[in-house]
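Chemist: Any chance you can model this:
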Amino acid sequence: MRNEKLKDIDNFTVKKLNTQGQLIHKTQQESNLIKIDLSDFNKGLYIMTIDSPTKIFRTKFQKL
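Modeler: Sure thing, here's the model as predicted:
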């Protein structure tokens, strides 16, 4: 599990996608602390997007 704290952002959506763009998991967050539990994910490359009313953040991550 990994914790990330986002500054100046609350009430946002976190989406995790596979490399084909298929939605794997989606959650609605109301605080700026994101807990990412990857225990149910297979090994591989993923894309995570964080969408708020004012910002969009996108990153890639790999589960080893």
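
Chemist: which parts of the helix or strand that residue 47 is a member of are buried?
Modeler: Assigned by DSSP states H and E, residue 47 falls within strand 44-51. Across strand 44-51, burial judged by 16 or more other CB atoms under 10 Å covers 46, 47, 48, 49, 50. The C-beta positions use only the backbone N, C-alpha and C, and glycine is treated the same way.

Chemist: Which one of those residues is nearest to residue 17?
Modeler: residue 47 (4.5 Å; CB to CB).

Chemist: so which helix or strand takes in the nearest residue in space to the closest one that is not next to it in sequence?
Modeler: Closest residue to residue 47 apart from its sequence neighbours, by CB to CB, 6 or more residues apart in numbering: residue 17 at 4.5 Å. Secondary-structure assignment from DSSP H and E places residue 17 in strand 12-18.

Chemist: Let me see the ranges of the strands in this protein.
Modeler: 2-5, 12-18, 23-29, 33-36, 44-51, 56-63 (DSSP state E).

Chemist: Deepest in the core, which of those strands is it.
Modeler: Ranked by mean neighbour count under mean count of other CB atoms under 10 Å, those are led by strand 12-18, which reaches a mean of 17.

Chemist: Show me what that one packs onto, helices and strands only.
Modeler: On a contact count with 3 or more CB pairs under 8 Å, 6 or more residues apart in numbering; DSSP states H and E, strand 12-18 meets strand 23-29, strand 44-51.

Chemist: still on that earlier bit, tilt between the strand holding residue 17 and strand 44-51?
Modeler: Per axes from the mean of the first three to the mean of the last three CA atoms, to 10 degrees, the angle that strand 12-18 makes with strand 44-51 is 160 degrees.

Chemist: Parallel or antiparallel, which strands does strand 12-18 pair with?
Modeler: Its sheet considered, strand 12-18 pairs with strand 23-29 (antiparallel), strand 44-51 (antiparallel) by DSSP bridges.
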